[in-house]
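Undergrad: dropping the sequence and predicted coords here.
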Amino acid sequence: MQTTKTNYGALSTLTTVFFFWGFIAAGNNIFIPFCKHYFNLDQFQSQLIDFAFYGAYYLGALGLFVFSTMTRKDLVSTWGYKKSIINGLLFSALGATMMIISVYLNVFAAMLFGLFIVALGFSLQQTSANPFMIALGDEKTGSNRINLGGAINSLGTNIGPIIVSLALFGTTAAIPDEKIEALSLNKVVILYACVGCLFLGVAALFSFSKKLPGGQLEQIIDETSDRAKKGMVTMLVITGLLIACFSPVMNSYRSDEAKQLTELKGDLEQLTIGEDNKPIQNLTASQLETKKEIEIEIKKIQEPLEKYRMVWLSAGLLCVLGGILFANRSAKKNEHGWGALKYPQLSLGMLAIFVYVGVEVAVGSNLSELLKQPAFGGFESSETTPFIAMYWGSLMIGRWSGSINAFNFSRQTKLILKFIVPLIALGVSLTVSIVSGYNVKPLYWYFICVLVQIAASYFTEDKPARSLAIFGSLGLVCIVVGLSTTGIVSIYSYLSVGLFCSTMWSCIFSLSLAGLGKYQAQGSGFLVMMILGGGIIPPIQGKLSDIIGIQPSFIVGAVCFAYITFFAIFVNKLLKKQGISLDSEVASH
């Protein structure tokens, strides 16, 4: 399947599914607040929405692996990349249909299951699409093509909210949750009917496309193999331990302590918030005393509860890390029975994807709370939105820059585009916020950070290991600066994390799958499982912030970037020992 010359016709078709993933995320931003209101969800139930989505990525990829191990038949290899993506789209269309039915029937569990099916489809699509990108040309330039897909994905994520808002509300301005909650049932049904049709439309596009090859792979499992039983058992044990660790955390939201906290916080809000939803400035002495008593009681209950959750979440993290390191160590002694896990670049890459997704989501999720602190501007919730948008826009800026090398431009043209394209992407990101009605003046000097990213991109020389090492180091620097400063310097440092996270997915994927040959599809499935990091690391930072404070909690990001940098340096040496070097001179496209 691999060729030296890039198949640009197939590449242009394949990138549509990457845009689609980003665009659909905009629909979820509308649907989730609507569900919270429509189904009258409490805090515990609302958390199940994200948990179902991230859990489906993990369980979907795990299910494919278990099936292939038990039946001696790898589905993705049998179907080929193209048919696997089509089947994933059909799965997602089925999930969208179930979500519509669940809203009509007013059954939250059915909606969760529908969302789970949508994400299962995404899991199959991602398991197939990323290695497919690598297979459409020279392996050394595979990360560039994945960057192109990421750039298209980020474009969909950025313009999606504007298109959805215009379609549902007749305006491009940002929509508050109150207006989303007031959406009529018919409009929500129409939204997901359109989403379902889009799934089917893209599936038809892939099915009838003559440009896109089937992408069949050599079968991994033959009659003499032991069906990678050791790898399967290890992943199932990790899954069982994760369930055992997550259960106490989930149950804690339904505990008597949690219910008492909710009541106390309601009492505090009733005491301190006026009818206009603004804080009451002049409380009486009696009210101040009552406020103090409630706050003491909240702290008394909340601190041990948060520590309890932190312990179990940390245990879940250790289960993942320990399980993968165990597989890596065991496979070194005897590779028989481990399947793709016998390759150390894959097992170490799984940890890299885990912490990369974790730090990317964690910084974005905790940034709003940081910006509310007096030392960081004391912004209101609504005022933090353009900063959050710029953080995710930074991913688009970096990915647009990284995607330039996917095209067969002259060296001089690439150098020029590497300077111009990121600035254009910055302009697009700012324009989206301006069109949405936000004040972006505090972000005007952010172009300096973009210039740093541009300079760094020249030093990477289109080499995945070097790119990952440089961007990992810069991500670590950003976290350290953010931890040691306040105000706009700290804010820009955390926003810049998005710039340096931007191309990490593609670099880690390329390095982890290098040299896997017929195990590439299975290896891709393992990497997709590790998207689970987005469901474990952010709540760990959130719980840590409740204990040591929001700014110090970003130390979690520093640990993640330190490992990513280590992985880049170590795996490059590891691959060279195997006779593989993705950082050598790149062949002609």
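TA: Arrived safely, thanks for sending. Numbers count the residues shown, from 1 in each chain.

Undergrad: from now on I want contacts and neighbour counts done on CA atoms only, so please keep to that.
TA: OK.

Undergrad: residues near Val195, how many?
TA: By the criterion of other Cα atoms under 10 Å, Val195 has 20 neighbours.

Undergrad: I'd assumed Phe379 was in a strand, is it?
TA: No. Using DSSP: H, G, I helix; E, B strand; the rest coil, the assignment for Phe379 is coil, not a strand.

Undergrad: and it, how many neighbours?
TA: Neighbour tally, Phe379, other Cα under 10 Å: 16.

Undergrad: just give the number of residues close to the residue nearest to Ile273 when sequence neighbours are not counted.
TA: The shortest distance from Ile273 to any non-neighbouring residue, by Cα to Cα, 6 or more residues apart in numbering, is to Pro279 (4.5 Å). Other residues near Pro279 come to 13 when the count uses other Cα under 10 Å.

Undergrad: how near is Pro279 to Gln287?
TA: 13 Å (Cα to Cα, to the nearest Å).

Undergrad: quick revisit: tell me the pLDDT at the residue nearest to Ile273?
TA: Confidence at Pro279, expressed as pLDDT, is 73.

Undergrad: tell me how far it lies from Gln260.
TA: For Pro279, the distance to Gln260 - Cα to Cα - is 23 Å.

Undergrad: same deal with Phe19?
TA: Distance from Phe19 to Gln260, by Cα to Cα: 44 Å.

Undergrad: what's the average pLDDT for the helix or strand that contains Ile243?
TA: Using DSSP states H and E, Ile243 falls within helix 229-252. Per-residue pLDDT values across helix 229-252 average out to 88.

Undergrad: low-confidence ranges, the stretch 351-500 of the chain, go.
TA: Residue ranges of the stretch 351-500 of the chain with pLDDT under 70: 381-382.

Undergrad: which residues in it form strands?
TA: Assigned by DSSP state E, counting those that start in this stretch, the stretch 351-500 of the chain shows no strands.

Undergrad: re the thing from before, which helices and strands sit right next to the helix holding Ile243?
TA: helix 43-71, helix 285-333 (3 or more Cα pairs under 8 Å, 6 or more residues apart in numbering; DSSP states H and E).

Undergrad: lowest average confidence across these, which one?
TA: helix 43-71 (a mean of 76).

Undergrad: buried sites along it?
TA: 45-46, 49-66, 68-69 (16 or more other Cα atoms under 10 Å).

Undergrad: chain center to it: distance?
TA: Centroid separation for helix 43-71 versus its chain: 14 Å, with Cα atoms, centre = their mean, to the nearest Å.

Undergrad: helix, strand or coil for Ile550?
TA: Applying three-state DSSP: Ile550 is coil.

Undergrad: that one and Ser368 touch, don't they?
TA: No. Applying Cα atoms under 8 Å as the test, Ile550 and Ser368 come out as separate, 10.2 Å apart.

Undergrad: burial count for Gln140?
TA: Careful, residue 140 is Lys and not Gln. Lys140 has 25 nearby residues by other Cα under 10 Å.

Undergrad: cool, and Pro248?
TA: Neighbour tally, Pro248, other Cα under 10 Å: 15.

Undergrad: now for it: which residues touch it?
TA: 309, 312 (Cα atoms under 8 Å, 6 or more residues apart in numbering).

Undergrad: tell me how far it lies from Tyr57.
TA: With Cα to Cα as the criterion, Pro248 and Tyr57 are 22 Å apart.

Undergrad: how about Ile388?
TA: Counting by Cα to Cα, the gap between Ile388 and Tyr57 amounts to 24 Å.

Undergrad: so what pLDDT did the closest residue to Lys332 other than its chain neighbours get?
TA: With Cα to Cα, 6+ apart as the criterion, Lys332 has its nearest non-adjacent residue at 7.0 Å, and that residue is Lys342. If you check Lys342, the pLDDT there is 87.

Undergrad: gap between Lys342 and Lys210?
TA: Counting by Cα to Cα - Lys342 and Lys210 are separated by 36 Å.

Undergrad: that older thread, looking at the helices and strands packed on helix 229-252, which is closest to Ser394?
TA: Closest to Ser394 of the helices and strands packed on helix 229-252, according to Cα to Cα: helix 43-71, at 22.6 Å.

Undergrad: packing partners of that closest one?
TA: helix 108-135, helix 229-252, helix 520-529, helix 533-548.

Undergrad: which neighbouring elements make contact with the helix or strand that that helix is followed by?
TA: Once the chain leaves helix 43-71, the next helix or strand it forms, by DSSP H and E, is helix 75-105. Helices and strands touching helix 75-105, by 3+ Cα pairs under 8 Å, 6+ apart, are helix 108-135, helix 185-208.

Undergrad: now do the last one: distance to the chain's middle.
TA: Same thing as helix 185-208. Using Cα atoms, centre = their mean, the offset of helix 185-208 from its chain centre is 23 Å.

Undergrad: mind giving me the packing neighbours of that helix?
TA: Helix 185-208 packs on helix 8-38, helix 75-105, going by 3+ Cα pairs under 8 Å, 6+ apart.

Undergrad: with mean pLDDT and mean neighbour count added, can I get those in CSV?
TA: Compiled in CSV, the helices and strands packed on helix 185-208 are given as follows (pLDDT from 0 to 100; neighbours: other Cα atoms under 10 Å):
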stretch, mean pLDDT, mean neighbour count
helix 8-38, 74, 19
helix 75-105, 86, 22
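
Undergrad: just give the nearest non-adjacent residue to the spatially most central residue of the chain, would you?
TA: Relative to the mean C-alpha position of the chain, the nearest C-alpha, by Cα atoms, centre = their mean, is the one of Val357, at 5.1 Å. Leaving out its chain neighbours, the residue that sits closest to Val357 by Cα to Cα, 6+ apart is Gly534, at 5.3 Å.
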